[in-house]
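Engineer: Got a sequence here, can you model it:
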Amino acid sequence: MCELLGMSANVPTDIRFSFAGLARRGGETGPHQDGWGISFYEGRGSRSFHDPEPSARSEIARLLRQYPIKSRIVIAHVRRANRGRVTLENTHPFSRELWGRTFTFAHNGQLKGVKRLTLGRFKPVGTTDSEHAFCWMLGRLEERWGSLPKPTRLDGAVRELCAELHGLGVFNMLLSDSRTLYAHCGKRLCTLTRRAPFGTATLIDEDWRVDFAQETTPDDIVTVVATRPLTRDESWTDLAPGEVLAFRLGVPDGDEAGAGIGG
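Structural biologist: Predicted coordinates for the structure are as follows:
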């Protein structure tokens, strides 16, 4: 199964710490060597990087570990292929424009029969069941609204669509429209929120320790979502299968927060 990484923060935040741990799982400490990708939101825009090479050995991944791109919402994925060849077009996250917003999506798991779901104008570029599911979700959302709905209304629709896809198999998913980070647990997904008082964190997959008390302000809030815990000395919370969380500014379900820290 692939691995996911997401981040929601209340100020633009550097995710190099968490990404370093995830990248090692792409062919070094884990078997996810069939490509990787990461998307950073900057306001309504986003920048994405993809590589069909293992992230543990990718020169692009090495560059991103050294270059602090700060963002309020990040979605990343390391792939272990089970449907679709190892190609650039099959690497997650996938992105499409809807209602003048860039939607970004990453998934792990298998969805039996998902390609029998009828698509609208959104079509896959690659051959994964994940991209087909993403295109189907966007088509259903576009059928419901002609323009961007309020975040709370979109929350409900995303939950309904996730429930349908959850019935087809394992649907661990991250999705964003630049305002909200949605996380759906199909089988395994966990979260961690860092806020004052801050402590230290040590990666599981790499010899890197950060004292976040030296990197933050008292108002900082950052939530990290991952398939498996990335640090050995913090308390991660498992999501229940079928659970959907909507994070805005680092906290779930529309609660507001103040000002980011290293993810």
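Engineer: For Pro31, grab phi and psi.
Structural biologist: Dihedral pair for Pro31: phi -90, psi 10, per degrees, to the nearest 10.
Engineer: Using PDB, write out every CA atom in stretch 187-199.
Structural biologist: In PDB, the C-alpha atoms belonging to stretch 187-199 read as follows (Å, rounded to 0.1, in the frame of the first residue of the first chain):
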ATOM      1  CA  LYS A 187      -8.100   1.400   6.800                       C
ATOM      2  CA  ARG A 188      -5.100   3.300   8.300                       C
ATOM      3  CA  LEU A 189      -4.500   7.000   8.800                       C
ATOM      4  CA  CYS A 190      -3.300   9.000  11.800                       C
ATOM      5  CA  THR A 191      -3.000  12.700  12.800                       C
ATOM      6  CA  LEU A 192      -0.800  14.800  15.000                       C
ATOM      7  CA  THR A 193      -1.300  18.400  16.000                       C
ATOM      8  CA  ARG A 194       1.600  20.600  17.200                       C
ATOM      9  CA  ARG A 195       0.700  23.700  19.300                       C
ATOM     10  CA  ALA A 196       2.000  25.400  22.400                       C
ATOM     11  CA  PRO A 197       3.600  24.300  24.600                       C
ATOM     12  CA  PHE A 198       5.900  22.800  22.000                       C
ATOM     13  CA  GLY A 199       8.400  19.900  22.500                       C
END
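Engineer: Can you mark which positions in it are buried?
Structural biologist: The neighbour-count check on stretch 187-199 (16 or more other CB atoms under 10 Å) flags Lys187, Arg188, Leu189, Cys190, Thr191, Leu192, Thr193, Arg194, Arg195, Phe198 as buried. Where C-beta positions appear, they are placed from N, C-alpha and C, glycine not excepted.
Engineer: Outside of it itself, which residues are in contact with it?
Structural biologist: 1, 4, 109, 170, 172, 183, 201, 211-213, 215-216, 218-229, 231, 233-239, 241, 245, 250-251, 261 (CB atoms under 8 Å, 6 or more residues apart in numbering).
Engineer: What's the mean pLDDT across it?
Structural biologist: When pLDDT is averaged over stretch 187-199, the result is 95.
Engineer: cool, stretch 138-155 as well?
Structural biologist: What stretch 138-155 shows for mean pLDDT is 97.
Engineer: Show me which parts of that stretch are buried, residue by residue.
Structural biologist: Leu138, Gly139, Arg140, Leu141, Pro149, Leu154, Asp155.
Engineer: Could you dump the residues you listed into a markdown table with secondary structure and distance to Gly126 added?
Structural biologist: Converted to a markdown table, the buried residues of stretch 138-155 look like this (DSSP: H, G, I helix; E, B strand; the rest coil; distance: CB to CB, whole Å):
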| residue | secondary structure | distance to Gly126 |
| --- | --- | --- |
| Leu138 | helix | 15 |
| Gly139 | helix | 17 |
| Arg140 | helix | 20 |
| Leu141 | helix | 21 |
| Pro149 | coil | 28 |
| Leu154 | helix | 26 |
| Asp155 | helix | 28 |
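Engineer: biggest separation within the residues you listed, which pair?
Structural biologist: Gly139 and Asp155 (18.6 Å; CB to CB).
Engineer: picking up where we left off before, distance to Asn10 for the buried residues of stretch 138-155 - can I get that in JSON lines?
Structural biologist: Converted to JSON lines, these look like this (distance: CB to CB, whole Å):
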{"residue": "Leu138", "distance to Asn10": "27"}
{"residue": "Gly139", "distance to Asn10": "32"}
{"residue": "Arg140", "distance to Asn10": "30"}
{"residue": "Leu141", "distance to Asn10": "26"}
{"residue": "Pro149", "distance to Asn10": "23"}
{"residue": "Leu154", "distance to Asn10": "20"}
{"residue": "Asp155", "distance to Asn10": "18"}
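Engineer: Could you work out the end-to-end span of stretch 212-222 for me?
Structural biologist: Distance between the two ends of stretch 212-222: 11 Å, counting by CA to CA, to the nearest Å.
Engineer: Same check on stretch 37-53?
Structural biologist: 10 Å.
Engineer: just stretch 233-250 next, same as before
Structural biologist: 20 Å.
Engineer: A strand includes Thr191, no?
Structural biologist: Yes. Counting by DSSP: H, G, I helix; E, B strand; the rest coil, Thr191 falls inside a strand.
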